[in-house]
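Chemist: coords please:
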Amino acid sequence: MQKTTIYRKPMGETLFEEEFTIEALSQMGNPLEQLAALVDFEMFRSALEEVLVKKDSKTPAGRPQIDVVLMVTAKN
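Modeler: Have a look, this model is predicted:
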């Protein structure tokens, strides 16, 4: 079951694009991957949404916002 979200979905990717990208970054020693293994960034979600999510939108038109935790970390 896919949970509902107010954020836009990732852009169309090829079948293995994400896997290849993550693998390439891991081989280079991605520091965000190492940091994400130590820190649970979800604990910052409520504070980030308070500051970054627009609540006074007059219309639902336009592009949905990017996930606030995704903006902080490379993992989704």
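
Chemist: from here on, just use CA atoms for contacts and neighbour counts.
Modeler: Will do.

Chemist: and for residue 57, the neighbour number?
Modeler: Using other Cα atoms under 10 Å, residue 57 has 8 other residues around it.

Chemist: cool, and residue 47?
Modeler: Residue neighbour count, defined by other Cα under 10 Å, stands at 10 for residue 47.

Chemist: quickly find the element holding it.
Modeler: helix 45-52 (DSSP states H and E).

Chemist: other residues contacting that helix?
Modeler: With contact meaning Cα atoms under 8 Å, 6 or more residues apart in numbering, helix 45-52 is reached by 68-69.

Chemist: where along this structure do the helices fall?
Modeler: Per DSSP state H, the chain carries helices over the ranges 17-28, 31-38, 45-52, 68-72.

Chemist: using a markdown table, lay out the ones you listed together with distance to residue 59.
Modeler: Shown next, in a markdown table, are the helices of the chain (distance: least, Cα to Cα, whole Å):
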| stretch | distance to residue 59 |
| --- | --- |
| helix 17-28 | 33 |
| helix 31-38 | 35 |
| helix 45-52 | 18 |
| helix 68-72 | 20 |
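
Chemist: which of the ones you listed sits most buried?
Modeler: Each of the helices of the chain was assessed for mean neighbour count using mean count of other Cα atoms under 10 Å. The highest is helix 68-72, with a mean of 15.

Chemist: where does this protein have low pLDDT?
Modeler: 1-13, 74-76 (pLDDT under 70).

Chemist: I'd like the distance from the helix holding residue 47 to the chain centre, please.
Modeler: Counting by Cα atoms, centre = their mean, to the nearest Å, helix 45-52 is centred 13 Å from the centre of its parent chain.

Chemist: nearest to residue 61, of the helices of the chain?
Modeler: helix 45-52 (18.1 Å; Cα to Cα).

Chemist: do you know how far residue 68 is from residue 30?
Modeler: Using Cα to Cα, to the nearest Å, one obtains 20 Å as the distance from residue 68 to residue 30.
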